[in-house]
Structure formats: structure tokens, C-alpha cells
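> Sequence first, then the predicted structure, then my questions.
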Amino acid sequence: MAFLEGFTDEERDLLVSVPYRAGLWLSQADGTGNPGASADERHALEGVIAQQARGMFYSAFVHEVMSDLWSRRLAWDDWSKDLARVPEDCMKAAHLLAQKMARRDLDAYRATIMTIATEVAKAFRESPAGNGAGAELIVHVKLWLGRMGSFLRGEPYDPLAIANISKIEDKALSRLADALSSGAESVNSPI
């Protein structure tokens, strides 16, 4: 744990818990689905963290964070408290990394958190049936935009995943991204 040893215990707990807490926070952002939505999203959160913990990263620091996160699964129940602080914790974590780590490590950390949160959002479609024509139109526009974006980037297209991200979850993802960005930008020193 070479990288994390450079942080205090409190800082390390923050950095390691934020990816999990952000995914859990996102899973609770939209409660309009059926009772199975939360369980599906929690299962997706565990799965993406397990995958990330075993994966390869552009940043050895993020690999270390994700490995530590996975090995500390027994702490997840404790970390699931006070989720309203997650955006603030994301800002603190990004600010801390902007001060102490290389820009690529900060960027990889932020991207990993956003990947986790996005995978959680895609896990279940909260929107109940019968939301009206306006809601259906929005879903169709999102699907079309997703298809075009995937085509232009040469990536595979997953229409169900795009449709599963509700408007509330989309706003929560934006809030999370803003918190991670503003925390990183609050440091004046160049990295």
C-alpha cells in the first residue's frame, strides 16, 4: 500500500470509502422504482467494485484504492451512513488528491467514481410505467442520442442501459461530477 501510506488514517478512510459511498448515494437518489430496484443497484455496486478491484488502471494509486476498498467490505455497512454528505466528501477527496497526487491519479480516481455511479444508475429502470408521452419522448431522445454517440465513438451501444438512467439519477450523476471537479479545481497549484 505504498500510495495510501502517504495519507493519514482519516484521509485514507475518506479516499477508500468515497467510491463505495458515491455508488450507494447514487442508488438512493431515485426511489421511484419498485422495491427490487435498490437491491439490483446494490448488487451492481458490489459487482462493479469487485471488477474494478481486479482490473488494471492507468493509475497504480487507483488500483490500490480499489483493492483496499474491496478488502474492507466489512466496513461497508458503517460507510453507508450519512450518505447526504457524499457530494461534500467527493469534493474533499478530490481536493486532497489535487494537493498530494499527480493529475493523472486524480483524473483516474474521479473517472472511477463516475464509472461506479453510472453502472449503479444503469442497473435498474426506476421510471414507473405510465409516465405519459413526455417521459416516453425523453427516453426515445436519450436512446437516439446514445446510439449516435456510440456510433461516432466506435463503441458498442446498450440501449437498455441508457434508458435505465432516470432523470433524477442523471441529475445526481451531474452533481457528483460537479463535486469531484470543484474539489479538484479548488487547489491553485498546478499538477
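Ah, there it is. Model, not experiment: these values are computed from the prediction. Residues are numbered from 1 along each chain as shown.
> any chance you could map the helices in the chain?
For the chain, the helices defined by DSSP state H occupy 9-27, 36-54, 60-71, 76-79, 86-100, 103-122, 133-153, 159-164, 167-185.
> Quick check: which helices or strands does the third one pack against?
Contacts of helix 60-71 with other secondary structure elements, assessed using 3 or more CB pairs under 8 Å, 6 or more residues apart in numbering; DSSP states H and E, are made with helix 9-27, helix 36-54, helix 103-122. All C-beta atoms are positioned from the backbone trio N, CA, C, and that covers glycine.
> Report the mean confidence score over it.
Mean per-residue pLDDT for helix 60-71: 94.
> Could you report the neighbour count for the nearest residue to W79 once chain neighbours are set aside?
Spatially, and ignoring its direct neighbours in sequence, W79 is nearest to S17 (4.6 Å; CB to CB, 6 or more residues apart in numbering). Using other CB atoms under 10 Å, S17 has 23 neighbouring residues.
> re the thing from before, including distance to K81 and mean pLDDT, could the helices and strands packed on helix 60-71 go into TSV?
Formatted as TSV, those follow (distance: least, CB to CB, whole Å; pLDDT from 0 to 100):
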stretch	distance to K81	mean pLDDT
helix 9-27	9	95
helix 36-54	15	79
helix 103-122	18	91
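> Turn those helices into a markdown table, columns for distance to L96.
A markdown table is the format used below for the helices and strands packed on helix 60-71 (distance: least, CB to CB, whole Å):
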| stretch | distance to L96 |
| --- | --- |
| helix 9-27 | 6 |
| helix 36-54 | 20 |
| helix 103-122 | 9 |
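> S80 is nearest to which of those?
Closest of the helices and strands packed on helix 60-71 to S80 is helix 9-27, at 5.6 Å (criterion: CB to CB).
> Can I get the helices of the chain in JSON lines including distance to F3?
Formatted as JSON lines, those follow (distance: least, CB to CB, whole Å):
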{"stretch": "helix 9-27", "distance to F3": "9"}
{"stretch": "helix 36-54", "distance to F3": "15"}
{"stretch": "helix 60-71", "distance to F3": "4"}
{"stretch": "helix 76-79", "distance to F3": "20"}
{"stretch": "helix 86-100", "distance to F3": "9"}
{"stretch": "helix 103-122", "distance to F3": "8"}
{"stretch": "helix 133-153", "distance to F3": "31"}
{"stretch": "helix 159-164", "distance to F3": "32"}
{"stretch": "helix 167-185", "distance to F3": "17"}
